[in-house]
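Visitor: model this:
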Amino acid sequence: MKLSLVAAVVVAVCAFAGHRFIKLREVVLSSREVSVKHLPNCQLLKNLDFGAEDLTILSNGLAIFSTGLKYPGMPSYSEDPGKMYSLDVLDSAADPVEMEIKAEAELLESFNPHGISVFIEEDSVYVLVVNHPQPRHSQVQIFQLEDNDLIHLKTVTHDLLHSVNDIIAVGVDSFFATNDASSPNEFLHLMTVLLGYPQCTVVYYSPAEVTVVAAGFLSANGINMSPDGRMVYVSDILDHEIVVFQINEGHHLTPVKVIRIQNIQSDRPLVTQVFADDGTTIIGSSVAAPYGGKLLIGSVYHKALSCDLE
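Guide: Modelled structure (predicted):
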């Protein structure tokens with residue numbers, strides 16, 4: 001009887017381990033082959049030599065980039081603090097220009113920018129930047145844009161904002177934020193991924209309220225909002241899907257649709273692919289934004305591209 005029980009347990013454990021191994025291969029896309037698909041006139045942007053993990057483009061064509069991210073498990077080729085750059089997309093001869101950050105020395109020395117978002121109120125432009133002064137330690141830095149300078153206004157921290165990847169601003173100091181890890185503890189997060197136990201969250205922050213508004217992601221990554229401000233889109237980089245949420249009263253989110261990214265290179269893809277590269281031109285692309293017939297593409301630690309949209 002005891003031998004039968006032990007054998008049953010061993011079989012169950014082996015079956016579970018085999019299942020998780022197959023699922024992890026799917027998560028990391030181990031069998032995927034990338035077919036190169038380039039756009040016309042793709043040019044590497046000058047000065048962005050250590051990545052452009054995130055970027056956003058204002059309505060006047062001013063693009064803002066976060067660069068120099070140092071992130072656990074990712075290569076890093078500079079020991080210097082991260083920087084912010086701007087680019088006039090409408091000027092074909094322009095190159096990215098470093099933005100001067102006017103802040104206290106402690107912030108400048110530990111600046112490690114990740115996701116960014118912009119909020120415009122009347123004639124004032126506010127730039128919100130996710131910052132990791134230490135591994136798995138997250139802040140949101142709030143700046144006001146003046147000419148090409150970023151004037152530091154405020155630092156936001158909270159226990160619920162423990163592993164912030166990206167944000168979307170809904171006010172000068174209020175935003176939705178994604179946590180790409182279930183815990184700031186690397187081992188605990190790794191276990192949730194290995195066991196297939198999705199625990200990552202989306203958090204709403206304002207000075208009056210901080211709350212989890214969505215959960216159940218393996219790794220909540222990028223976040224964006226529909227032009228009418230009614231929907232929020234959250235990408236789960238490990239589940240390979242985008243969840244569409246409706247914003248309800250009190251900034252609570254209700255899921256309305258899940259877009260699974262699959263068959264991208266087939267004759268009938270569920271999502272249209274406009275650019276793909278095998279690492280020859282750009283490695284680890286993390287963001288893309290269109291404007292005025294151009295497509296800007298950033299990467300976690302490598303380069304940034306500007307291409308013509310067909």
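
Visitor: contacts, neighbours, all on C-alpha from now
Guide: OK.

Visitor: Low-confidence stretches in the stretch 51-200 of the chain?
Guide: Residues of the stretch 51-200 of the chain meeting the criterion pLDDT under 70: none.

Visitor: Show the residue spans covered by the strands in it.
Guide: 54-57, 62-67, 83-88, 97-98, 100-102, 113-121, 124-134, 137-146, 149-156, 164-169, 175-179, 200-206 (DSSP state E, counting those that start in this stretch).

Visitor: Direction included, what does the fourth one pair up with?
Guide: So that's strand 97-98. The pairing partners recorded for strand 97-98 under DSSP bridges are strand 83-88 (antiparallel).

Visitor: And the fifth one, by the same measure?
Guide: Here the strand partners of strand 100-102, with direction, are listed using DSSP bridges: strand 149-156 (parallel).

Visitor: Break the protein into its domains for me.
Guide: For the chain, the domain assignment from automatic domain parsing gives the residue ranges 1-32, 38-308.

Visitor: so of the ones you listed, which one's packed in deepest?
Guide: domain 38-308 (a mean of 18; mean count of other CA atoms under 10 Å).

Visitor: Quick one: the strands in the stretch 201-310 of the chain, in order.
Guide: So, for the stretch 201-310 of the chain - with DSSP E, counting those that start in this stretch - the strands run 209-217, 220-225, 231-236, 241-247, 253-260, 285-291, 294-299, 304-308.

Visitor: Make JSON lines out of those and add distance to residue 52.
Guide: JSON lines is the format used below for the strands of the stretch 201-310 of the chain (distance: least, CA to CA, whole Å):
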{"stretch": "strand 209-217", "distance to residue 52": "25"}
{"stretch": "strand 220-225", "distance to residue 52": "14"}
{"stretch": "strand 231-236", "distance to residue 52": "18"}
{"stretch": "strand 241-247", "distance to residue 52": "22"}
{"stretch": "strand 253-260", "distance to residue 52": "26"}
{"stretch": "strand 285-291", "distance to residue 52": "8"}
{"stretch": "strand 294-299", "distance to residue 52": "5"}
{"stretch": "strand 304-308", "distance to residue 52": "6"}
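
Visitor: Which one of those strands has the poorest average confidence?
Guide: Mean pLDDT is lowest for strand 253-260 out of the strands of the stretch 201-310 of the chain, coming in at a mean of 86.

Visitor: name the helices or strands packed onto that one?
Guide: Secondary-structure packing of strand 253-260 (3 or more CA pairs under 8 Å, 6 or more residues apart in numbering; DSSP states H and E): strand 209-217, strand 241-247.

Visitor: Tell me which residues are up against the longest one.
Guide: Where contact means CA atoms under 8 Å, 6 or more residues apart in numbering, the residues beyond strand 209-217 that reach it are 160, 198-205, 236, 239, 251-254.

Visitor: List just the nearest of those to residue 297.
Guide: The nearest member of the contacts of strand 209-217 to residue 297, counting by CA to CA, is residue 236 at 19.3 Å.

Visitor: any idea what sits nearest that closest one, other than its immediate chain neighbours?
Guide: The shortest distance from residue 236 to any non-neighbouring residue, by CA to CA, 6 or more residues apart in numbering, is to residue 220 (4.7 Å).

Visitor: Distance check, that neighbour against residue 139.
Guide: According to CA to CA, to the nearest Å, residue 220 stands 17 Å off from residue 139.
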